[in-house]
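S.K.: what shape does this take:
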Amino acid sequence: MKSRKFICLIVISVWLSIPTPGVAINSLNSAHAGEELSWTGCGITKNAFMNEIAEAYEKKTGVKIRISGGGAAKGIRSVSAGTSDLGGTCRHRLVDKAGKKHPQEKDAILIQVAWDALVAIAHPDNPVDNITLQHLKKVYAGEIISWTNLGGQDKRIALITRSGKYSGVGHLFRLLVFNDPDYEFKARSFFVKSTGPLEAKVEKTVNALGIDGISSAKKRKVKRLSINGIQPTKENIASGAYPLFRPLYITVNQNASEKARKIVDFILSPEGQDIISRQGTVNLEEGSALKALWEKKKN
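M.R.: You can find the predicted model right below:
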């Protein structure tokens, strides 16, 4: 098995044709205290590790990373437009059937830094522990409306859904479960604008069911359901046994500043990857077996 350092250095050296990573990482100490850069993006990436990355990076360099949410689409489009130095997204860039990039996303570069997984979440008091992919499809298709069909109590499912087809959760859930990123949910749902409100609503609603990213959900008081009997543990995600895994990306403009590139270097370095792993998220080395599986799954 390749060492973590070797894998990280390869990724850094190819992501944007930047100077050799050893120089970039070692030069972090030359950054001036008081400098500030902005990061915008999906709540999954933010909650998974970005807050801890920002804290460690500021302590190491004196450079502060201002973090704000807004969703995966904003994590790509804000850097593409040049309104944010960096971003984060839990979905890939949108392209049309001809392979043309979405006009609002064309100037963004996505660099994978970790692996996440989609997970069905419910209230902690819900007796249901598992749901099959087929049943999950039927719930969102409006064919299953009661928890009794899932082995629970005779109560209507209160479906909490992330609004929009282009959110990280919405886009990847449609792709991975329905094999159609444009699929229209037919079930009655309560729609929310972002990850935080979705998790908060599930925490407070006994009959709730929602789809979330595991890297964020595990930090909330929700029950994370198994899929087809496979628990969404870090080990099961890293091995590919759990089916709904997906990449997490950091985004930068194609003309990103050296300061922004250095932050990406730090995230990809052994130190940054260790921070990601210690937060319970699958880092690049831990999820090395997923790369080939993802290429098959996303097509």
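S.K.: helix or strand: which one has Ala56?
M.R.: helix 51-61 (DSSP states H and E).
S.K.: so what secondary structure elements neighbour that helix?
M.R.: For helix 51-61, the elements it packs on are strand 64-68, helix 258-268, helix 270-278, judged by 3 or more CB pairs under 8 Å, 6 or more residues apart in numbering; DSSP states H and E. For every residue, glycine as well, the C-beta is placed using N, CA and C.
S.K.: buried sites along it?
M.R.: Neighbour-count burial for helix 51-61, counted by 16 or more other CB atoms under 10 Å, picks out Ile53, Ala54, Ala56, Tyr57, Glu58, Thr61.
S.K.: check these and tell me the two furthest apart.
M.R.: Greatest spacing in the buried residues of helix 51-61, by CB to CB: Ile53 and Thr61 (11.9 Å).
S.K.: is Leu118 located within a strand, as I assumed?
M.R.: Yes - assigned with DSSP: H, G, I helix; E, B strand; the rest coil, Leu118 falls within a strand.
S.K.: list the contacts for the closest residue to Ala72 other than its chain neighbours?
M.R.: Spatial nearest neighbour of Ala72, excluding adjacent residues (CB to CB, 6 or more residues apart in numbering): Gly168 at 3.4 Å. Going by CB atoms under 8 Å, 6 or more residues apart in numbering, Gly168 touches Cys42, Ile44, Gly71, Ala72, Thr89, Cys90, Arg91, Gly213.
S.K.: Phe190: which of those is nearest?
M.R.: Nearest member of the contacts of Gly168 to Phe190, counting by CB to CB, is Gly71, at 17.7 Å.
S.K.: got the contact list for that closest one?
M.R.: By CB under 8 Å, 6+ apart, the contact set of Gly71 is Gly41, Cys42, Gly43, Gly164, Ser167, Gly168, Lys193, Ser194.
S.K.: hmm, try it at 7 Å
M.R.: If you count contacts by CB atoms under 7 Å, 6 or more residues apart in numbering, Gly71 has them with Cys42, Ser167, Ser194.
S.K.: which pLDDT value belongs to the residue sitting furthest away from the middle of the chain?
M.R.: For the chain, the residue at maximal distance from the C-alpha centroid (CA atoms, centre = their mean) is Asp154, at 33.3 Å. Here the pLDDT value assigned to Asp154 is 96.
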